[in-house]
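Enquirer: Whatever this is, show me its structure:
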Amino acid sequence: MDTTLNVSKPDSARVVVVTGGALGIGGAISRRFASGGDHVILVDCDAPAAAATSSDIAAAGGRCTVLVGDITQQSTVATLCALVRDEAGGRVDVLVNNVGDFRPASAVFLRSTAEQWQKLYELNLLHVLMVTHAIAPGMVERGSGSIVNLSTVEAYRGIPGHVVYSAYKAGVSAFTKSLAVELGPSGVRVNAIAPDLADTEQTPSELMLAGRNPALVRSWVPLGRFGQPDDYASVVEFLASDAARFMTGQTVPVDGGTLAASGWYGKTTKRGWTNLPDAS
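Expert: Okay, here's the model as predicted:
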């Protein structure tokens, strides 16, 4: 489904592929690139959400082509490549590997199953490899391009209950670093962001609070609030821009300071810090 407007594409417009580009962080990424004049190719398994985001982009004067499909399947990757050939002559300037999920998961690793591990692998690492493997050769051939992956702060700290998820996301950051070294001489940059505490449809603030007093957020997050989708999208946009032309191989935490705090919490009295959560 293509909701592109019949307007001339600016000379500076890029072709941007965003996986999981309908809702949450992915939706904000799609909207932000489109608002800058880029042609967004949005891939998502949620057809109604993809249509809604595409309609929003078109209403704002942007250009968006939608591919409905499961990006963890090789058939969808093949369809994406065909769509890129048809819509953009095979050119992709920016690839954003956004898809990821911490579900399915058991409460503890020893009760998890191989089936869960496989699904988490497909959702968080395998598709990053598959889509990049399919899109990056064209970037190398043209001598330019930017790839931005989504990792998580949980790749850098422990997260009981989601140990398999964190392992695969750590793989995303390692893949980002190593691929940046491989592709750098070809003019292709590879970076990532590591979000935390994103208030989205997937992880709404009510779920994260779990009945706790919202006033406690300032004690958990140095910047005092949960992240909004555009907080993450703006950093992705920067990493894909010429302003970041000398950055590659980096995973940038976008977390309100939680990783930097490393387990220290602001006291609810607003006087000092503690390593005992919820303590005053």
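Enquirer: So in this protein, where's the weakest helix or strand by average pLDDT?
Expert: When the helices and strands of the chain are scored by mean pLDDT, DSSP states H and E, strand 273-274 comes last with a mean of 70.
Enquirer: Tell me if Ala194 really is in a helix.
Expert: No - assignment of Ala194 by DSSP: H, G, I helix; E, B strand; the rest coil gives strand, placing it outside any helix.
Enquirer: surely it meets Ala155?
Expert: Yes - counting by Cβ atoms under 8 Å, Ala155 is a contact partner of Ala194 at 6.3 Å. C-beta: built from backbone N, CA, C; applies to glycine.
Enquirer: Mutual contacts of the two, please.
Expert: Common contacts of Ala194 and Ala155 (Cβ atoms under 8 Å, 6 or more residues apart in numbering): Ser173, Thr251.
Enquirer: Tyr232 is in what secondary structure piece?
Expert: helix 229-239 (DSSP states H and E).
Enquirer: Buried residues of that helix, list them for me.
Expert: Judged by neighbour count using 16 or more other Cβ atoms under 10 Å, the buried positions of helix 229-239 are Pro229, Asp231, Tyr232, Ala233, Val235, Val236, Glu237, Leu239.
Enquirer: Start and end of stretch 101-108, how far apart?
Expert: Taking Cα to Cα, to the nearest Å, stretch 101-108 runs 17 Å from one end to the other.
Enquirer: can you give me how far that stretch is from the chain middle?
Expert: Relative to its parent chain, stretch 101-108 has a centroid offset of 19 Å by Cα atoms, centre = their mean, to the nearest Å.
Enquirer: Please work out how many residues are found near the residue lying closest to His39 once chain neighbours are set aside.
Expert: Spatially, and ignoring its direct neighbours in sequence, His39 is nearest to Arg63 (4.6 Å; Cβ to Cβ, 6 or more residues apart in numbering). Other residues lying near Arg63 total 24 when counted by other Cβ atoms under 10 Å.
Enquirer: and Arg63, backbone torsions?
Expert: Backbone torsions for Arg63, taken as degrees, to the nearest 10, come to phi -120, psi 130.
Enquirer: swap in Ala47?
Expert: The phi and psi values for Ala47, taken as degrees, to the nearest 10, are phi -60, psi -50.
Enquirer: can you check Gly224 too?
Expert: Dihedral pair for Gly224: phi 80, psi 10, per degrees, to the nearest 10.
Enquirer: Renumber starting at 45 from here on
Expert: Renumbered: residue one is now 45, and that last one reads Gly268.
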